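Q: I would like the atomic coordinates for the input below:
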Amino acid sequence: MDTKHKCGWCVGDALYEAYHDKEWGVPVFDDATIFEFLILETFQAGLSWITVLRKRENFRKAFDGFDYKKIANYTPSKIDTLLQDAGIIRNKLKVKATITNAQAFIKIQEEFGSFSRYIWAFVDGKPIKNKYKNYKDAPANTAISDVLSKDLKKRGFKFVGSTVVYAHMQATGMVNDHEIGCFRYNQV
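A: Reported below is the predicted structural model:
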């Protein structure tokens, strides 16, 4: 039995705990992985993260391994196929936003050399290390996520409100919101 202290939000669900222990809060600089998290966070808007996490592999298969270059060129026929896929969240606006976001993602890569360079500039290239005793003390959004959200929207992104953006920042390690007593706090 694992007796290490973990952030309270993940305890009790094996999938959640594995995600917490291996991925959540680990700094991500790879564009493909950043895009994957951005898409998953987009679909999570208004839902629980565990709902999306349970469908992650279905999303990976349905969205061509989260290949943003392929997604940027999806046709109406592909959209119809996605909307029939019971393995994913079949929200037409979110599916269309995924295509729009892939196109905007590529434009940012062209402008900045990589999406990673663009997004990490909002935190000066290094994670912000917060000090919360309880995960419930972490905010839903911050001044930085507000600015980043606004900039993404200006660049054509959809479903990137400040709360979604902050969740993305947490997932990709732009902020370390592990509880200070969590065994992962000093590891990431």
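Q: List the contacts of the residue nearest the centre of the chain.
A: Taking Cα atoms, centre = their mean, the centroid of the chain lies closest to Phe37, which sits 3.1 Å from it. By Cβ atoms under 8 Å, 6 or more residues apart in numbering, the contact set of Phe37 is Val28, His168, Ala171, Thr172. Heads up, the C-betas are built off the backbone N, CA and C, glycines and all.
Q: Would you tell me which one of these comes nearest to Val52?
A: Ala171 (10.7 Å; Cβ to Cβ).
Q: which of the contacts of Phe37 sit farthest apart?
A: Maximum distance among these (Cβ to Cβ): 9.8 Å, for Val28 and His168.
Q: between the two, who's got more neighbours?
A: His168 (25 against 20; other Cβ atoms under 10 Å).
Q: Give me the nearest residue to the more buried one, chain neighbours excluded.
A: Glu41 (4.6 Å; Cβ to Cβ, 6 or more residues apart in numbering).
Q: Report the contact partners of that neighbour.
A: For Glu41, the residues meeting the contact criterion (Cβ under 8 Å, 6+ apart) are Val164, Val165, Ala167, His168, Ala171.
Q: Show only the entries of the residues you listed found in helices.
A: Val164, Val165, Ala167, His168, Ala171 (DSSP state H).
Q: Neighbour-wise, give me the winner out of the residues you listed.
A: Val165 (28 neighbours).
Q: quick one: contacts for that one?
A: Glu41, Asn141, Ser145, Leu148, Ser149, Leu152.
Q: 6 Å instead, please
A: Contacts here follow Cβ atoms under 6 Å, 6 or more residues apart in numbering; on that basis Val165 touches Ser145, Leu148, Ser149.
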